[in-house]
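**Student:** one predicted model, sequence on top.
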Amino acid sequence: SRVPAGAQLDQRVQWWRQARFGMFIHFGVYAIPGRGEWVMFNESTPHREYAKFADQFKPEPDAPLEWAATAQAAGMR
C-alpha cells in the first residue's frame, strides 16, 4: 500500500493526536527471548540461531482479537 503524504498524512496525524489514547503492539518471534524486537540485531544473533525461536513461537490465534477488545473497552480507538 501507498504511504500517506500531504493532506492525507496531515488528516491521519490529526486523528491520532485527537484520539490521545491508543496502543501499538509489536508481537513476533522476538517475544521468545524476551529482550526486545531488535534482539537479533542488537545481540548479533546469526539467522540460523534466531530462526530456532520460530519453533517455540506459538501465539494464541484469538489473542489479537482479545487485545483489541480490551483496548476498546479501555477507551482506545
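**Tutor:** That came in fine, so what should we check first? Numbers count the residues shown, from 1 in each chain.

**Student:** hmm, who's touching stretch 25-37?
**Tutor:** 38-40, 42-43, 50, 53-54, 56-57, 59, 64, 67 (Cβ atoms under 8 Å, 6 or more residues apart in numbering). C-betas here are computed from N, CA, C, even on glycine.

**Student:** between those, which is closest to Trp16?
**Tutor:** For those, the minimum distance to Trp16 (Cβ to Cβ) is 18.7 Å, reached by Trp67.

**Student:** burial count for the closest one?
**Tutor:** Neighbour count of Trp67, defined by other Cβ atoms under 10 Å: 13.

**Student:** give the helix, strand or coil label for the residue nearest in space to the middle of the chain.
**Tutor:** If you average the C-alpha coordinates of the chain and look for the closest C-alpha using Cα atoms, centre = their mean, you land on His26, 2.1 Å from that point. Following DSSP: H, G, I helix; E, B strand; the rest coil, we place His26 in the coil state.

**Student:** do the one 10 residues further on as well
**Tutor:** Reducing the assignment at Gly36 to three states with three-state DSSP gives coil.

**Student:** from the contacts of stretch 25-37, which land in strands?
**Tutor:** By the criterion of DSSP state E, membership of the contacts of stretch 25-37 in strands covers no residue at all.

**Student:** show the buried residues in those.
**Tutor:** 39-40, 50, 53 (16 or more other Cβ atoms under 10 Å).

**Student:** mind listing what's buried in the helix or strand bottoming out on mean pLDDT in the chain?
**Tutor:** Every helix and strand of the chain was ranked by mean pLDDT, DSSP states H and E. The lowest is helix 6-19, at a mean of 87. Neighbour-count burial for helix 6-19 flags no residue at all (criterion: 16+ other Cβ under 10 Å).

**Student:** also stretch 17-36?
**Tutor:** 29-32.

**Student:** starting at the chain centroid, how far to it?
**Tutor:** Here stretch 17-36 shows a centroid-to-chain-centroid distance of 4 Å under the convention Cα atoms, centre = their mean, to the nearest Å.
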